[in-house]
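J.: sequence first, predicted coordinates after that:
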Amino acid sequence: MDYKYLSELLFPSVTKTAEDLEVEFPARNLKEGAIVSRMAPSPTGFVHLGNLVQGLTSERLSHQSGGVLFLRVEDTDRKREVKGAVETLIETLKHYGIQFDEGATMDGDNGIYAPYRQSQRASIYHVYAKKLVSEGQAYPCFCTEQELEEMHAAQEKECANFGYFGKWAKWRDRPIEEIEQMLGEGKPWVLRFRSTGSIENKIKFTDLIKGEVEVTENDIDHVLLKSDGIPTYHFAHAVDDHLMRTTHVVRGDEWLSTLPFHLQLFRALGFKPPKYCHIGPLMKMDGTSKRKLSKRKDPELALTYYKAEGFPVEAVYEYILTVLNSNFEDWRRANPNAHTDEFKFSYKKMNPAGSLFDAAKLRDVSKNVISKMTAEKVYELATEWAKEFDVDFYEKLTADMQRTLSIFAIGRGGNKPRKDYAVWSELKEYMGFFFDDYFKLCDQPDERFDRAVIAKIVREYADMYNPEDEQNVWFDTIKALGEKYNFASNMKEYKANPENYAGSVADVSGFLRLAVTGKNSSPDMYAVMSILGKEKVVERLNSYAAEIVK
RNA sequence: GGCCCCUUGGUCAAGCGGUCAAGACAUCGCCCUUUCACGGCGGUAACACGAGUUCGAUUCUCGUAGGGGUCACCA
C-alpha cells in the first residue's frame, strides 16, 4: 500500500507539515517547574460542579507554579451543539472568578496558540491526520452506522469484546482501489487509528493522583476524524495539548479507560505526553442511602443552581478546596483571614477515590464565609443576587441603604459573629420582618403562657418603650416589667426554683420578639427595635396584643 | 460481559507496619446566655470480608464482596 499516495488522496489541500506547526506554535518559555494547564469543557449549555473542581485544580496547579492556565472550548460535537452555550460557559467561569491567562473569550481569542475553539482548528488537525495516513498509522473507514451496529450485535452474540479491531476492522486493510472507488462515489468516511496494541499487554503508568496504574493496551482502531472532518476528543486532545504546550492535564477519571489510547496516540504523533491528574468522580446521594454518580442532569450539580441559591462564590471555592485538599480545613483554621491563594495546594493531597457531595457541609462553610464579611460586603453581594433573582426584595434592600447596612451589621464583627444564613436566598426569611410588606406572624407563642397575660405585658411594654434608652436601661425596663408579673429577672434564681415563678425574663423577651418580628428567633432585639423605630415597634406590639387574644 | 478505578463513623476526611484510629460537618447532651444565635465542653459513631507476609497489620500482597467508571462518528 502506498500510504503517501493515500494521504494525498484523502487530504489533497493540506500543504502544511507538522514541522511547520512546530514553528508556528513554539514551545513556551517558562521557568523550570512551571505548569501549563487548561480547562477544556465542552459547551453543553451549563457548567457542572465537576467542571469547577477540575478547573480549580488546574488553576491552582498552574498559577501556584508560575505557569499558565488557558481556556479551550471543546466544541467538536455538532450534534450536541447548544446555542449560546459558549457564552454561558465563559460567563459562568467568569462569575466563579477563574482567571485565565489565555484562551477563548467572549469576542474571540486571547493568546498566541489560537484558535482556542476546537471547531476552528480543523486545518491543524488535518495536518497530523495526513501525516498519520502517510505513515500507515491511520486509514479511512467507510462503514455505515448500520454496519457498525451489526458488528456490535455480532460481537454481543459471540461474547467477543466490543469495538472496531482485529477481524472486525473491515477497512483496516482494504486495497487502495476500493478506497478510491468509495471516495469517487463521494461516500462519507471517518479516519481511524491503526492500533498496533494488544490486550495481552499491560502498561504501567503513573497518574499524579491515582499513583501507579496498570492498564491494558488499546487494540481498538478508534475514530480520529469524524465524517465531517472534525476530530474526536482523543485526537484533538493529543494535537491541542501538544501544540498548546500543556504540561499537566487535569480531568475526571472517566478518562482513565481511554488513557492507553491517548498514550498510544501521543507516541504515534511523536509527541511527549503530558502528566495526568485523574480526579475521582463527585457523587451524590440518590434517594434512600444509595450513592450514585453525579449525572449531567442533577440540577443541584449545575453551577447556575448555586448562583441562584445565592451561595457566595468564595464559599463554593472554600468548599471545593476542603474536598480537594484534606489539609485545607486545618490551614483555614490556622489562617482564618488569609486569601485562599496563599494555601499551598497539592495534587498529592487529593483523594484518588470519588467523594459524595455534602450539601450540609457546603452550607456550614458558606455560613462561616458570610459571617466573616463586612456589612458592606454582604450588602454588595446580597443586592447583586437579589437584583437577578428577587427584584422586589432588591428594591426593598436598596431603598434605604444605610438602614439595610445597619441590619446587616447586627451581630457582625468581633470574635463570635452570628451565623444566621448560608445563602442569599435565605435572607428574606431572616430579615424580612424589617419590611412591612414581608412582616407576618410566623410562629406561635409558647403554650405554657396565658395569652391574656402575654397581651397585657406586650401592651404595657408598648407604652414604656423608649428608643433613647441605653441597652442596659432598655433591658432593665423589660426585667422590671416581667417582675411585675412574677417573671424572674435573675436567670440563676429562676433555674434554681422555677416553680416559684410564672416564667423568666427570657420568656418576656420572647413575647416581645414574637410581637415585633413575628418569629421566635431573630437577631438582637435591642438592635432590631432601634432600627425599626419607636412608631413601628409600638404599632406592632399593640396590634399583636390585640391579635393574640382574639 | 471485558477492562479499569475505588473501599476508615451518617458525610468529608487524617493516617503511609506498633496511634487509646485525628479533625470537620451532621446528630445528641451539658454549660454560657435577656431572646435568637455564636461560642465552650462532652457523648454516640469507623478501618467491608477472608486469607497471606510479619513479632505485629487500618497501613503491604492476593482473593471475595460492594460502589463507581468505561467499552460512540459524546466529551
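T.: Great, that's in hand.

J.: helix or strand for the nearest residue to residue A:428 once chain neighbours are set aside, just tell me which one.
T.: What sits nearest to residue A:428 in space, not counting adjacent residues and going by CB to CB, 6 or more residues apart in numbering, is residue A:393, at 5.4 Å. In short, each C-beta sits where N, CA and C put it, glycine included. In this assignment (DSSP states H and E), residue A:393 forms part of helix A:391-399.

J.: show the average pLDDT along that helix.
T.: Regarding helix A:391-399, the rounded mean pLDDT is 97.

J.: for that helix, which residues meet the burial criterion?
T.: Neighbour-count burial for helix A:391-399, with 16 or more other CB atoms under 10 Å as criterion, is recorded at A:393, A:394, A:396, A:397.

J.: so who does the second one touch?
T.: Put plainly, it is residue A:394. In this structure, residue A:394 makes contact with A:383, A:386, A:387, judged by CB atoms under 8 Å, 6 or more residues apart in numbering.

J.: helix, strand, or coil at the last one?
T.: The one in question is residue A:387. Following DSSP: H, G, I helix; E, B strand; the rest coil, residue A:387 is assigned to helix.

J.: how close does it get to residue A:138?
T.: When CB to CB, to the nearest Å is the yardstick, residue A:387 and residue A:138 sit 53 Å from each other.

J.: mind checking which of these two has more residues around it?
T.: Taking neighbours as other CB atoms under 10 Å, residue A:387 and residue A:138 compare with residue A:138 leading, 27 against 14.

J.: so what pairs up with that one in the strands?
T.: When bridges are taken as DSSP bridges, the partners of residue A:138 come out as residue A:193.

J.: so it sits against residue A:189, correct?
T.: No. The pair residue A:138 and residue A:189 fails to qualify as a contact (CB atoms under 8 Å) at a distance of 11.5 Å.

J.: so which bits of the stretch 451-550 of chain A are right by RNA strand B?
T.: Contact residues of the stretch 451-550 of chain A with respect to RNA strand B, defined by CB under 7 Å from any atom of the strand, are listed as A:471, A:475, A:478, A:491-492, A:505-506, A:509-510, A:513, A:520-526.

J.: so of the residues you listed, which ones are in helices?
T.: The helices, defined by DSSP state H, take in A:471, A:475, A:478, A:491, A:492, A:505, A:506, A:509, A:510, A:513, A:525, A:526 from those.

J.: the fourth one - how many residues pack around it?
T.: Number of residues near residue A:491 (other CB under 10 Å) recorded here: 11.

J.: surely residue A:329 is in contact with residue A:322?
T.: Yes. Counting by CB under 8 Å, a contact exists between residue A:329 and residue A:322, whose distance comes to 5.2 Å.

J.: can you pull out the low-pLDDT segments for chain A?
T.: A:285-300 (pLDDT under 70).

J.: quick check: domain ranges of it?
T.: A:3-15+A:122-279, A:375-434, A:451-548 (automatic domain parsing).

J.: now residue A:70. Its backbone dihedrals?
T.: Dihedral pair for residue A:70: phi -130, psi 160, per degrees, to the nearest 10.

J.: what distance do you get for the spatially closest residue to it that is not a sequence neighbour to residue A:434?
T.: For residue A:70, ignoring the flanking residues on the chain, the nearest one in space by CB to CB, 6+ apart is residue A:103 at 3.8 Å. Using CB to CB, one gets 45 Å for the distance from residue A:103 to residue A:434.

J.: looking at those two, which is more packed in?
T.: Legend: neighbour count by other CB under 10 Å for residue A:103 and residue A:434, higher for residue A:103 (24 against 20).

J.: just say helix, strand or coil for the more buried one.
T.: Per three-state DSSP, the local secondary structure of residue A:103 is strand.

J.: quick one: the strands in the stretch 251-400 of chain A, in order.
T.: In the stretch 251-400 of chain A, the strands defined using DSSP state E, counting those that start in this stretch lie at A:275-279, A:282-286, A:290-293, A:355-356.

J.: next one: the stretch 51-200 of chain A
T.: Listed from the start of the chain, the stretch 51-200 of chain A has strands (DSSP E, counting those that start in this stretch) covering A:68-71, A:102-105, A:108-110, A:138-141, A:190-193.

J.: out of these, which comes closest to residue A:214?
T.: Nearest to residue A:214 among the strands of the stretch 51-200 of chain A is strand A:190-193; the distance by CB to CB comes to 22.3 Å.

J.: after the closest one, next one along is what?
T.: Tracing the chain past strand A:190-193, the next element assigned as helix or strand by DSSP H and E is strand A:202-207.

J.: mind checking which of the ones in helices among the residues of the stretch 451-550 of chain A next to RNA strand B are buried?
T.: A:475, A:478, A:505, A:509, A:510, A:513, A:525, A:526.

J.: contacting residues for the third one?
T.: Looking back up the chat, that one is residue A:505. Remark: with contacts taken as CB under 8 Å, 6+ apart, residue A:505 is in contact with A:478, A:479, A:482, A:487, A:488, A:489, A:491.

J.: again with the second one
T.: Contacts were defined as CB under 8 Å, 6+ apart; by that measure residue A:478 touches A:461, A:505, A:508, A:509, A:512.

J.: buried residues of stretch A:522-537, list them for me.
T.: Judged by neighbour count (16+ other CB under 10 Å), stretch A:522-537 contains these buried residues: A:522, A:523, A:525, A:526, A:527, A:528, A:529, A:530, A:531, A:532, A:537.

J.: you'd agree the last one is in a strand?
T.: Meaning residue A:537. No. If the criterion is three-state DSSP, then residue A:537 is helix and not within a strand.

J.: save the contacts of residue A:505 as a markdown table, and put in distance to residue A:255 too.
T.: Listed next are the contacts of residue A:505 as a markdown table, based on distance: CB to CB, whole Å:
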| residue | distance to residue A:255 |
| --- | --- |
| A:478 | 65 |
| A:479 | 67 |
| A:482 | 67 |
| A:487 | 67 |
| A:488 | 67 |
| A:489 | 68 |
| A:491 | 62 |
